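Asks: could you work out the structure for the sequence below:
(one chain, ligands or ions: 2)
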Amino acid sequence: MSDSANKTIEPEAGDALIIVDLQNDFLTGGSLAVSDGDEVIPVLNTWIRRFRKAGLPIFATRDWHPADHCSFRDQGGPWPPHCVAGTKGAEFTSELVLPPDAYVHSKAMRPEKEAYSDFEDGDLGPKLRQMGIARLFVGGLATDYCVRATVLDGLKEGFQVVLLVDAIRAVEVEPGDGDRAIAEMRDAGALAA
Ligand code: VGL
Ligand code: ZN
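Replies: Ligands and ions are numbered 1, 2, ... in the order given. Predicted coordinates for the structure are as follows:
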């Protein structure tokens, strides 16, 4: 890591906070719980306060699968069923203090299509551009899946990306996946804060 890593970057006009998949199923007690995933909640609450204070937009994204989603093991996919739309497991954790005006972005809603990236489904990119957003502060779960894909796509779409390294945790199907994902995101141009 460079000397500038982990230095807090203050949000300013043109920035948006993107909170990736802080849903019960990815947290303690959930069907696809990410190790130490709960630790990101207070860190993200601090970022939410910073963005609210500055009057800047906050997006909360969610995995929002049908009950027969192709990523589920009983459908031949790699994962246990998780984040089925409308279930308790798909709800944002109540410990996350989301403001009432937070934008909610749902993804991977079609049975036959996986979508780790928030830019793959719906109109997130155009919406952000229309709001004049140029830089994204990204944290959440999981480092090696939805965070990684969202950050890499965000950079490809022309946004600057600040990766909130204290506010992400990895699934680690293979040991080291989290660190590899962080290296990949930084190599692609993400700054670490
Ligand atoms: C995710 C695995 C399966 C994620 C979603 O949000 O990172 N990971 N579905
Ligand atoms: Zn999923």
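Asks: tell me how far the top helix by length along the chain lies from the chain's centre.
Replies: When the chain is parsed with DSSP state H, its longest helix is helix 40-53. Distance of helix 40-53 from its chain centroid, counting by Cα atoms, centre = their mean, to the nearest Å, is 14 Å.
Asks: next one: stretch 97-105
Replies: Put simply, stretch 97-105 sits 14 Å off its chain's centre (Cα atoms, centre = their mean).
Asks: in the longest helix of the chain, what counts as buried?
Replies: 40-41, 44-45, 47-48, 50-52 (16 or more other Cβ atoms under 10 Å). For glycine as for every other residue, the C-beta is placed from the backbone atoms N, C-alpha and C.
Asks: show me the contacts for Pro111.
Replies: Contacts for Pro111 (Cβ atoms under 8 Å, 6 or more residues apart in numbering) come out as 66, 68-70, 75.
Asks: what is the nearest of those to Leu32?
Replies: Lowest distance from Leu32 to these (Cβ to Cβ) belongs to His69, with 12.1 Å.
Asks: find the nearest non-adjacent residue to the closest one, please.
Replies: Spatial nearest neighbour of His69, excluding adjacent residues (Cβ to Cβ, 6 or more residues apart in numbering): Pro111 at 5.7 Å.
Asks: separation between that neighbour and Gly158?
Replies: Distance, Pro111 to Gly158, by Cβ to Cβ, to the nearest Å: 31 Å.
Asks: quick check: residues of the protein near ligand 1?
Replies: Neighbours of ligand 1 within the chain, by Cβ under 6 Å from any ligand atom: 21, 63, 71, 79, 141-142, 145-146.
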